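A.B. asks: build the 3D model from these lines:
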Amino acid sequence: MPDSEVPTGRPWLGHGVGLRLPHYPHVLAGQIDVDWLEVITENVMGSGGRPRAVLQAARAAVPIVLHGVSLAIGSVDPPPQSYLSHLRALCDAIEPAWVSDHLCFGRIEGVYVHDLLPLPYTEEALAHTIAQIERVQDALARPLVLENVSSYVAYRHSTMPEWEFLAEIARRCGAKLLLDLNNVLVSARNFGFDPMRYVEGIPASAVWQFHLANHSDRGHYAFDDHAGAVPPAVWALYEVAIRHLGPVSTLVEWDQDVPAWHELAAQARRAATIAAGFSGTLAAPATREAVTIHREANPPRLRDTQTLFWNAIRWPTGVRAFVQDSEDAIRAALTDTFAESTTFPRAARLDVYATGYFYRLAEVLAQQFELTAWLLGAARFHNIVTDYVLEHPSRSPDIRRCGARFPAFVGAHAHARPWADLGNLADLEWRIATALDAPDFPPLTRERLAGVPIDTWPNLRFAVAPPTHVTRCRLAFERLRRELAQGSDPPAPEALSQHACAGFVVSRRDLEVVVREVGSEETSALQRAIAGEPFARICEPAGGAKEAAAWLQRWVQDAIFTEALRTA
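C.D. replies: Residues are numbered from 1 along each chain as shown. Next up is the predicted model:
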């Protein structure tokens, strides 16, 4: 097998794995023993910090593919220009082997669902998606590789099977395909089609990549959860796909209960062994005609279909309640739009997405505001998050930004009133979370300070490093963190130990976030420094020059300032 290309002319990368957070240290240590890595685009679109350092280390070692989850190419509203500009800059900086995303929709009037919602396979959806693909390919100056998604919902007005929709997109606009074999099996189970027919309906020349992953059996349907090793059914379909499509760059995804690196890499090696053992003759791609569209008299508009889907899955009490609470016209639209089966009715199918929408956001918020969630307890936190998601849906392609307004929201929420200062605690947790990928900066050093003329010190002004933040919180943050780590029950609100008004400074040193509790005088001094006041004013809260010098030494050690100094 040649190193650069295979007989179909597609690029060849070999066998790789999807890079996830638990394996960042492995990459930074230079211990990559797979052919290539796929990186979630939105995780590395920030301009610095640990994610960007990991990306650069990975790119220096092996080829990288950027795999997005928020392009939402089939959404009625086009991808924001700001997103495309950031993605183009990222591509220009790291030169990925290619850029992929999903053939789906997931953005409604500026709100991100953070899920991969299936499209109806209609003439309107086809024309709209192709126009969007061409716009994105022009913006990125490179072809777009699109992945088939797993589906739980089908549309009654679709006029072609999914594989024909994919094939026609590839034929018309030159987009390439990422064939997720696990998703094929999930959708086949949920809709009763033959997965082999799906694979055989895809033109070989369009397929640039395979995904292999696991799914779970939920009784009357299969669910795509990427939890666990690749199952036998996916390995079997992989052999079928190789036989029909030839050698294709292959990647293993494992997103839940992520294993140790060696276990994940072993899955990629198994895929390589299967591919190497294939000795059959590559089947010639069948000659395909353009898809024939069967027009309906009055199919619903794509915008109306997507809006109905979105309204149903964001209903706070579930899809069944949405159906019951809606007017007759909405209930009729649901019946006319979404297909169902005896064992899997349309409301239950939509509820798969509704449950995923809420719990995906709730999981991210629980990770970022771990102490806040612990103190509130599961029930109160769940109720507050429900209210928050309704009032402040995500408007960023990066799901990690969904908590930007949560500190102020939780601080003012009725359920949080017994916990004084909970909003400030949440703000501290938010600053810690966002410091991880704040822009990089050249830190201020002792050598740089030593070169400052003595007579300019009174007017010396400091530039604050992007990750740095100073806040006040009366709660004993470090003690609470220890108790949570030890598995202790959260203290009652009245039992919480409080400081008079402690200050905390958050910074980032050598890719690690630093959180340090500081006294009120040092807090005041730091706040003056951040405000751009001169060193003479910064020293005023100190008891003397010796204490001010000690503060400055700690600030330099914690990388609170950049090397940019001003003396005017």
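A.B. asks: please save the CA atoms from stretch 198-214 in PDB.
C.D. replies: The C-alpha coordinates for stretch 198-214 follow below in PDB (Å, rounded to 0.1, in the frame of the first residue of the first chain):
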ATOM      1  CA  TYR A 198     -25.900   1.600   2.400                       C
ATOM      2  CA  VAL A 199     -22.200   0.900   2.000                       C
ATOM      3  CA  GLU A 200     -22.600  -0.400  -1.600                       C
ATOM      4  CA  GLY A 201     -24.600   2.700  -2.500                       C
ATOM      5  CA  ILE A 202     -21.700   5.000  -1.700                       C
ATOM      6  CA  PRO A 203     -19.200   5.900  -4.600                       C
ATOM      7  CA  ALA A 204     -15.700   4.700  -3.700                       C
ATOM      8  CA  SER A 205     -14.000   7.800  -5.100                       C
ATOM      9  CA  ALA A 206     -15.800  10.100  -2.600                       C
ATOM     10  CA  VAL A 207     -14.900   8.300   0.600                       C
ATOM     11  CA  TRP A 208     -11.800   9.700   2.300                       C
ATOM     12  CA  GLN A 209     -12.200   8.300   5.800                       C
ATOM     13  CA  PHE A 210     -13.900   5.600   8.000                       C
ATOM     14  CA  HIS A 211     -15.000   6.000  11.600                       C
ATOM     15  CA  LEU A 212     -15.200   2.900  13.800                       C
ATOM     16  CA  ALA A 213     -17.000   3.100  17.200                       C
ATOM     17  CA  ASN A 214     -19.400   1.400  19.600                       C
END
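A.B. asks: may I see the buried residues of that stretch?
C.D. replies: Of the residues in stretch 198-214, 198-214 count as buried by neighbour count, 16 or more other C-beta atoms under 10 Å. Just so you know, the C-beta spots here come from the backbone N, C-alpha and C atoms, and that holds for glycine as well.
A.B. asks: stretch 216-228 too?
C.D. replies: Tyr221, Ala222, Phe223, Asp224, Asp225, His226.
A.B. asks: where's Val514, which helix or strand?
C.D. replies: Assigned by DSSP states H and E, Val514 falls within strand 512-518.
A.B. asks: can I get stretch 326-342 in CSV? Just the C-alpha atoms.
C.D. replies: As requested, the backbone C-alpha atoms of stretch 326-342 are provided in CSV (Å, rounded to 0.1, in the frame of the first residue of the first chain):
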residue,chain,number,x,y,z
SER,A,326,-49.5,22.4,21.5
GLU,A,327,-52.3,23.6,19.2
ASP,A,328,-54.0,21.2,16.8
ALA,A,329,-52.0,22.6,13.9
ILE,A,330,-48.7,21.8,15.6
ARG,A,331,-49.8,18.3,16.4
ALA,A,332,-50.8,17.8,12.8
ALA,A,333,-47.5,19.1,11.6
LEU,A,334,-45.6,16.6,13.9
THR,A,335,-47.7,13.8,12.5
ASP,A,336,-47.1,14.9,8.9
THR,A,337,-43.4,15.5,9.4
PHE,A,338,-42.0,12.7,11.5
ALA,A,339,-42.2,8.9,10.7
GLU,A,340,-42.7,6.4,13.5
SER,A,341,-43.0,2.6,14.0
THR,A,342,-45.1,0.5,16.3
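A.B. asks: buried residues in that stretch?
C.D. replies: In stretch 326-342, counting by 16+ other C-beta under 10 Å, buried: Ser326, Ala333, Leu334, Thr337, Phe338, Glu340.
A.B. asks: how far away is the second one from Leu126?
C.D. replies: Distance of Ala333 to Leu126, computed by C-beta to C-beta, to the nearest Å: 22 Å.
A.B. asks: again with the fourth one
C.D. replies: Taking C-beta to C-beta as the measure, Thr337 and Leu126 are separated by 18 Å.
A.B. asks: what sits up against the lengthiest helix in the chain?
C.D. replies: Using DSSP state H, we find that the single longest helix of the chain is helix 346-368. With C-beta atoms under 8 Å, 6 or more residues apart in numbering as the contact definition, helix 346-368 has outside contacts at 113-115, 117, 152-153, 221, 223, 309, 312-315, 318-320, 323, 334-335, 338-340, 373, 381-382, 385-386, 388-389, 394, 399-400, 402-403, 406, 429-430, 433.
A.B. asks: please pick the buried ones from those.
C.D. replies: Using 16+ other C-beta under 10 Å, the buried members of the contacts of helix 346-368 are 113-115, 117, 152-153, 221, 223, 309, 312-315, 318-320, 323, 334, 338, 340, 373, 381-382, 385, 388-389, 394, 399-400, 402-403, 406, 429-430, 433.
A.B. asks: among those residues, name the ones in strands.
C.D. replies: Val113, His114, Asp115, Leu117, Phe223 (DSSP state E).
A.B. asks: ramachandran angles for Ile40?
C.D. replies: Torsion angles at Ile40 (phi, psi; degrees, to the nearest 10) stand at phi -70, psi 120.
A.B. asks: so how far is Gly377 from it?
C.D. replies: Ile40 is 31 Å from Gly377, by C-beta to C-beta.
A.B. asks: what about those two, which has more around it?
C.D. replies: Neighbour totals were compared for Ile40 and Gly377, and Ile40 leads with 19 against 12 (other C-beta atoms under 10 Å).
A.B. asks: partners of that one in the sheet?
C.D. replies: Bridge pairing for Ile40 (DSSP bridges) gives the partners His67.
A.B. asks: any idea of the pLDDT on it?
C.D. replies: With respect to pLDDT, Ile40 scores 97.
A.B. asks: how close does it sit to Leu21?
C.D. replies: Relative to Leu21, Ile40 is positioned 10 Å away (C-beta to C-beta).
A.B. asks: confirm that Asn43 sits in a strand.
C.D. replies: No: secondary structure of Asn43 (DSSP: H, G, I helix; E, B strand; the rest coil): helix, not part of a strand.
A.B. asks: excluding its backbone neighbours, what's nearest it?
C.D. replies: Once flanking residues are discounted, Asn43 sits nearest to Pro51: 5.6 Å by C-beta to C-beta, 6 or more residues apart in numbering.
A.B. asks: just checking, the one you found touches Leu436?
C.D. replies: Yes: between Pro51 and Leu436 a contact is recorded at 7.1 Å, counting by C-beta atoms under 8 Å.
A.B. asks: ok, the two, which is more surrounded?
C.D. replies: Set Pro51 next to Leu436 and count neighbours by other C-beta under 10 Å: Pro51 wins out with 22 against 17.
A.B. asks: tell me which element that one falls in.
C.D. replies: Applying DSSP H and E, one finds Pro51 within helix 49-61.
A.B. asks: which neighbouring elements make contact with that helix?
C.D. replies: helix 24-28, strand 37-40, helix 81-94 (3 or more C-beta pairs under 8 Å, 6 or more residues apart in numbering; DSSP states H and E).
A.B. asks: now it: buried residues?
C.D. replies: Gly49, Arg50, Pro51, Arg52, Ala53, Val54, Leu55, Gln56, Ala58, Arg59, Ala61.
A.B. asks: what does stretch 543-550 give?
C.D. replies: Ala548.
A.B. asks: what does it contact?
C.D. replies: Glu521, Ala525, Ile538, Cys539, Ala542.
A.B. asks: returning to that earlier point: Asn190: which of the helices and strands packed on helix 49-61 is closest?
C.D. replies: The closest of the helices and strands packed on helix 49-61 to Asn190 is strand 37-40. By C-beta to C-beta, the value is 24.9 Å.
A.B. asks: chain neighbours aside, what residue packs nearest to Ile530?
C.D. replies: Val464 (5.1 Å).
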